[in-house]
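Student: Can you look at this prediction? I've put the sequence above it.
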Amino acid sequence: MTGFIFLGFGYGLYMNSLGFSFIYPTLMALTIYAGSVEFIVADFLTKAFNPLVAFVVALIVNSRHFFYGLSMLEKYQNAGSAKFFLIYGMSDETFMVNYSLRPPKQLNLTRCYLYVTIFDYFAWALGSMLGGLFGNIINIEVEGLSFIMTALFLVLFLEQFLNEESHLSSFSGFICGVLALIFIGGQNFILVAILGVVVIFLIQNYLCGKKVGA
């Protein structure tokens with residue numbers, strides 16, 4: 001929640017620097033709820049309206065959520081009506097927390113997942129609103145504030161890395177990300193990196209199945 005508030009605050013300040021009222025980042029945080037896409041959409045709002053480009057860019061940037069959903073199928077399968085909000089609110093950080101969450105057995109898992117999702121959702125919206133409001137009051141350099149997201153990812157990755165039994169997924173993601181960034185470039189490397197990780201796991205599952213069959 002702390003990371004979301006600071007990141008949302010930076011997003012609100014950024015929107016204010018582009019000339020938008022605090023209402024815009026607040027409503028966008030509540031409806032779009034996709035941090036990286038919201039920064040991109042903010043830039044789109046200052047240019048000629050092109051919905052097709054906006055759709056394609058948002059799809060590419062958020063394509064990783066397809067794989068998040070596959071990873072959470074088992075965890076969310078008994079969530080009932082709460083599943084709809086869990087799916088809608090599954091941001092990068094919420095996914096990392098809920099995926100690695102190991103609560104005591106006496107607690108209701110669905111409630112734990114739901115509370116994490118709700119708290120993150122409103123923390124992001126609150127931070128965006130505060131950033132938009134304070135943008136007119138304080139004079140702060142907005143350049144570089146988006147690095148908060150990168151820092152938050154690093155902390156979440158380290159936490160996951162320290163708790164996992166096998167580091168195959170972590171090393172695969174890191175190596176595929178670096179290679180895709182080198183050969184594809186920074187604009188479209190995310191989807192290529194994710195596909196690379198999928199191929200690695202398909203090969204691993206095939207080899208494991210073949211070994212079990214033997």
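Tutor: Yep, it's here.
Student: Tell me how far S63 lies from L7.
Tutor: To L7, S63 is 21 Å away according to Cβ to Cβ, to the nearest Å. Heads up, the C-betas are built off the backbone N, CA and C, glycines and all.
Student: quick one: which of those two has more around it?
Tutor: Set S63 next to L7 and count neighbours by other Cβ atoms under 10 Å: L7 wins out with 25 against 13.
Student: Check which helices and strands the helix or strand containing that one is in contact with.
Tutor: Assigned by DSSP states H and E, L7 belongs to helix 2-17. Helix 2-17 is packed against helix 23-31, helix 35-44, helix 109-134, helix 147-163, with contacts defined by 3 or more Cβ pairs under 8 Å, 6 or more residues apart in numbering; DSSP states H and E.
Student: Tell me the first helix or strand C-terminal of the worst-scoring helix or strand of the chain on mean pLDDT.
Tutor: Across the helices and strands of the chain, mean pLDDT, DSSP states H and E gives its lowest value to helix 147-163, namely a mean of 71. As assigned by DSSP H and E, the chain's next helix or strand after helix 147-163 is helix 168-183.
Student: Show me what that next one is in contact with.
Tutor: Applying Cβ atoms under 8 Å, 6 or more residues apart in numbering, the contact partners of helix 168-183 are 157, 160-161, 164, 189-190, 192-194, 196-197, 200-201, 204.
Student: just stretch 125-142 next, same as before
Tutor: Stretch 125-142 is touched from outside by 4-17, 20-26, 28-30, with contacts defined as Cβ under 8 Å, 6+ apart.
Student: in it, what counts as buried?
Tutor: Across stretch 125-142, burial judged by 16 or more other Cβ atoms under 10 Å covers 125-133, 135, 142.
Student: By mean pLDDT, show me the worst of the helices and strands packed on helix 2-17.
Tutor: Mean pLDDT values for those show the minimum at helix 147-163, a mean of 71.
Student: Where does pLDDT dip in this protein?
Tutor: 139-150, 152-153, 156, 187-188, 209-214 (pLDDT under 70).
Student: Quickly note the distance from the spatially most central residue of it to Y24.
Tutor: Note on the chain: the residue nearest the mean C-alpha position is D92, at 2.5 Å, using Cα atoms, centre = their mean. Distance of D92 to Y24, computed by Cβ to Cβ: 22 Å.
Student: One more: V198?
Tutor: Distance of V198 to Y24, given as Cβ to Cβ: 36 Å.
Student: now do M72
Tutor: For M72 relative to Y24 (Cβ to Cβ), the value is 31 Å.
Student: same deal with V56?
Tutor: According to Cβ to Cβ, V56 stands 22 Å off from Y24.
Student: and the two? which has more neighbours close in?
Tutor: The neighbour count for V56 versus Y24, taken as other Cβ under 10 Å, is higher for Y24 (19 against 11).
Student: Report how many residues lie close to the residue nearest to that one when sequence neighbours are not counted.
Tutor: Nearest non-adjacent residue to Y24, counting by Cβ to Cβ, 6 or more residues apart in numbering: M15, 5.7 Å away. Counted with other Cβ under 10 Å, residues neighbouring M15 total 28.
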